[in-house]
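Student: Kindly return the folded structure for what I paste below:
(one chain, ligands or ions: 2)
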Amino acid sequence: MRQNMVSIVVPAYEEAANLQLLYQEVSAAMETVPDLRFELILVDDGSRDETWDVIQLLHDHDPRVKGVRFSRNFGHQAAVTAGYHYSSGDAVIAMDGDLQHPPALLPDMIAKWREGFDVVSMVREAAEHEPVLKSWTSRTFYRLINLLSDVPIRPGVADFRLLDRKVVRKLNSLKERGRFVRGLIPWIGFQETSIPYKPNPRHAGTTKYSVRKMLMLALDAVSSFSSAPLRMSFILGLTVNAVCLGLMAYALYNKINENKDLSEWASSFLTMVALNAVQMLMIGINGIYLARVFDEVKRRPLYIAEEELGLTRKRRKVRLSVAVATQRGR
Ligand code: UDP
Ligand code: MG
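Tutor: Ligands and ions are numbered 1, 2, ... in the order given. Here you go, the predicted model:
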């Protein structure tokens, strides 16, 4: 196994105020591993602030800093995925651009990789500065996804991890669009280990994960790793039907034996509301999965890169080399 270079991939959406310090901390941490070269790939996810200018300055100062700029905001998961596509290291480390993932831990991750692990997941421990609501929603989310999903997803695992090149190659070969990278990693398998860490508070700026983005991520996670909601809608429909049939039988029995009517509005109104709610739920669940299928069959790329600094997309190189090889073959 070659262990000459590591790529560090950082998605950055409006992180202009953080990248300089991130670069300093990353290079300081990497100086403690002198036998390993590194490249720092900053993926500008369509920022409207000076993020791209900062990336250009850093690249001019140190060519080990490389950059990709998206044509618009494609989202965190797309930015991480682009980083994996563009990376060329023998291992690839993904981390956030706001210094919540401490760069000082890079040498520990690399040490685990050198022990022979293919995946080193960083597991977040509760930090005092974290808002209660955030840690509660995060815990509930992992509980729910693990209840529903077919592959176990470790709570507290965000997109802070090291992957060996062979895992990155497999990850890059997956075509699905609605990506939940932290679910795809356990699905791929290989030798995994984890290191606990305490996240820092965000260095500058505010969170780029709006409630809408978090909800979309949760929906992607559930719908790409579980078909349980589809089964649930079937079971729920069956249950409600059984209850309704029971109620009808009861009403009929009362009518025949005791000539008693159920209060008219109660029976019809409640049945109608209950059935409507179930139908809406089931249609909604089907809609979520249908939207996923629709998204996947369109086969649009996950992101559009408008500019590249010190990088070319790996796949292009492969295509070129295939073309050259076939020409030579002729
Ligand atoms: N991010 C991104 N695109 C987005 C939202 C976030 O590339 O649409 C990046 C962001 O710049 C950061 C990382 O993803 O490097 C995690 O986001 P953030 O720190 O805002 O999330 P939080 O830590 O609050 O969950
Ligand atoms: Mg953050």
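
Student: which residue packs closest to the residue most central in space within the chain, ignoring adjacent ones?
Tutor: Nearest to the geometric centre of the chain sits Phe180, at 3.3 Å (CA atoms, centre = their mean). Nearest residue to Phe180, sequence neighbours excluded (CB to CB, 6 or more residues apart in numbering): Ala221, at 4.3 Å. Bear in mind the C-beta positions are built from the backbone N, C-alpha and C, glycine included.

Student: if we can go back for a sec, tell me the contacts of the residue nearest to the centre of the chain?
Tutor: By CB atoms under 8 Å, 6 or more residues apart in numbering, Phe180 lies in contact with Gln77, Leu217, Asp220, Ala221, Ser224, Phe225.

Student: Which positions in the stretch 1-150 of the chain make contact with ligand 1?
Tutor: By CB under 6 Å from any ligand atom, the residues of the stretch 1-150 of the chain that approach ligand 1 are 11-13, 15, 45, 73, 75-76, 79, 96-98, 100.

Student: repeat that with 8 Å
Tutor: Residues of the stretch 1-150 of the chain lying close to ligand 1 by CB under 8 Å from any ligand atom are 10-15, 18, 43, 45-46, 73-76, 78-80, 96-98, 100, 134.

Student: Write out the residues of this protein neighbouring ligand 2.
Tutor: Asp96, Asp98, Gln100 (CB under 5 Å from the ion).

Student: count of neighbours near the residue nearest to the last one when sequence neighbours are not counted?
Tutor: It refers to Gln100. Nearest residue to Gln100, sequence neighbours excluded (CB to CB, 6+ apart): Pro199, at 4.6 Å. Applying other CB atoms under 10 Å, we find 21 other residues in the vicinity of Pro199.

Student: does Pro199 count as helix, strand or coil?
Tutor: Following DSSP: H, G, I helix; E, B strand; the rest coil, the label given to Pro199 is coil.

Student: could you pull out the strands for the protein?
Tutor: In the chain, the strands defined using DSSP state E lie at 5-12, 37-44, 65-70, 91-94, 119-124, 157-164, 192-197, 305-309.

Student: Point out the most buried one among those strands.
Tutor: Among those, ranked by average contacts under mean count of other CB atoms under 10 Å, first place goes to strand 91-94 (a mean of 28).

Student: Mind listing the strands it pairs with, and their directions?
Tutor: Strand pairing for strand 91-94, using DSSP bridges, gives strand 5-12 (parallel), strand 157-164 (antiparallel).

Student: what about the last one and ligand 1, touching?
Tutor: Yes - Strand 157-164 comes into contact with ligand 1 (CB under 8 Å from any ligand atom), by way of Ala158, Asp159.

Student: Return the distance of that strand from the chain's centre.
Tutor: Its chain's C-alpha centre and that of strand 157-164 lie 11 Å apart, by CA atoms, centre = their mean, to the nearest Å.

Student: Would you mind listing the outside residues contacting it?
Tutor: Counting by CB under 8 Å, 6+ apart, 1, 6, 11, 76-77, 80, 84, 90-96, 101, 109-110, 112-113, 117-124, 171, 181-182, 185, 190, 194, 197 sit against strand 157-164.

Student: okay, and for the stretch 201-330 of the chain, where does confidence drop off?
Tutor: For the stretch 201-330 of the chain, residues meeting the criterion pLDDT under 70 lie at 260-267, 314-330.

Student: I figured Val80 hits Ala94, correct?
Tutor: Yes - counting by CB atoms under 8 Å, Val80 does reach Ala94; the two are 5.4 Å apart.

Student: so what sits against both of the two?
Tutor: Listed contacts common to Val80 and Ala94 are Val9, Pro11, Asp159, Val181; contacts here mean CB under 8 Å, 6+ apart.

Student: Save those residues as JSON lines, and put in pLDDT and distance to Phe38 too.
Tutor: Output for the shared contacts of Val80 and Ala94, formatted as JSON lines (pLDDT from 0 to 100; distance: CB to CB, whole Å):
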{"residue": "Val9", "pLDDT": "97", "distance to Phe38": "11"}
{"residue": "Pro11", "pLDDT": "97", "distance to Phe38": "17"}
{"residue": "Asp159", "pLDDT": "88", "distance to Phe38": "18"}
{"residue": "Val181", "pLDDT": "80", "distance to Phe38": "21"}
